Structures are given as structure tokens and as C-alpha cells.
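[1] A structural model of the following input is requested.
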Amino acid sequence: MMEILPFWKAHITETLLWDKIYKIKFDGRNIDVYMTTVNANIIPVRDFNGKAADFIALAKKHLKPFQVKVNTDRLS
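    Next up is the predicted model:
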């Protein structure tokens, strides 16, 4: 069974498979989930409702270390 990662923002919903994620970065305000080198979902940290660190921990379980470029100390 493949695990999926649902994204939603207002009326927009997108479902990604973990193996379709190229990398995840944190730019100080947003978590950028890249599907390719130039295509990304940009999600403001505030939209995670305090669960951004939980999301990153989950991503680190499913992705390779070089794919998750997030310092969780900066998420708070």
C-alpha cells in the first residue's frame, strides 16, 4: 500500500505520493514541497496550525535525508 500526502488550501486539494516529492525546503516563512526542480507547492508555516514540525518529522521518515532541507528549530 502506498502512503499518500494530502495538501489542501481553502478550496484547493492536491494529493501527492511520497515518491513523487523531489525535496522539501523551509525558506523562513514557507515550507516548499518540490515535485520537480522548478515546480513546488509553497505552504505558509501558519497554515500548518502548529503542526509544521510534525509534518517535517513525517517527511523525514518517508524521504531520504538529502530531500528534506529543514531546520526544525527555526519552525517555532
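[2] OK, contacts around the most centrally placed residue in the chain?
    By CA atoms, centre = their mean, the chain has its centre lying nearest to Val33, at 4.6 Å. Listed by CB atoms under 8 Å, 6 or more residues apart in numbering, the contact set of Val33 reads 7, 16, 21, 24, 40-43. For every residue, glycine as well, the C-beta is placed using N, CA and C.
[3] and what of Lys25?
    Lys25 makes contact with 31-32, 34, 69-70 under the criterion CB under 8 Å, 6+ apart.
[4] From these, pick the one nearest Ile56.
    For these, the closest approach to Ile56 (CB to CB) belongs to Val70, at 5.0 Å.
[5] Might one say that that closest one is in contact with Ile56?
    Yes: if you go by CB atoms under 8 Å, Val70 and Ile56 touch, sitting 5.0 Å apart.
[6] list residues touching both of these two?
    With contacts taken as CB under 8 Å, 6+ apart, the residues that reach both Val70 and Ile56 are 24, 26, 31.
[7] and Ser76, what pLDDT?
    The per-residue pLDDT reported for Ser76 equals 66.
[8] how close does Asn39 get to Arg46?
    Asn39 sits 23 Å away from Arg46 when distances are taken as CB to CB, to the nearest Å.
[9] er, Ala52 actually
    9 Å.
[10] And what about the residue nearest to the centre of the chain, helix, strand or coil?
    When classified by DSSP: H, G, I helix; E, B strand; the rest coil, Val33 comes out as strand.
[11] name the element Leu16 belongs to?
    strand 12-17 (DSSP states H and E).
[12] Right, I'll call it a day here.
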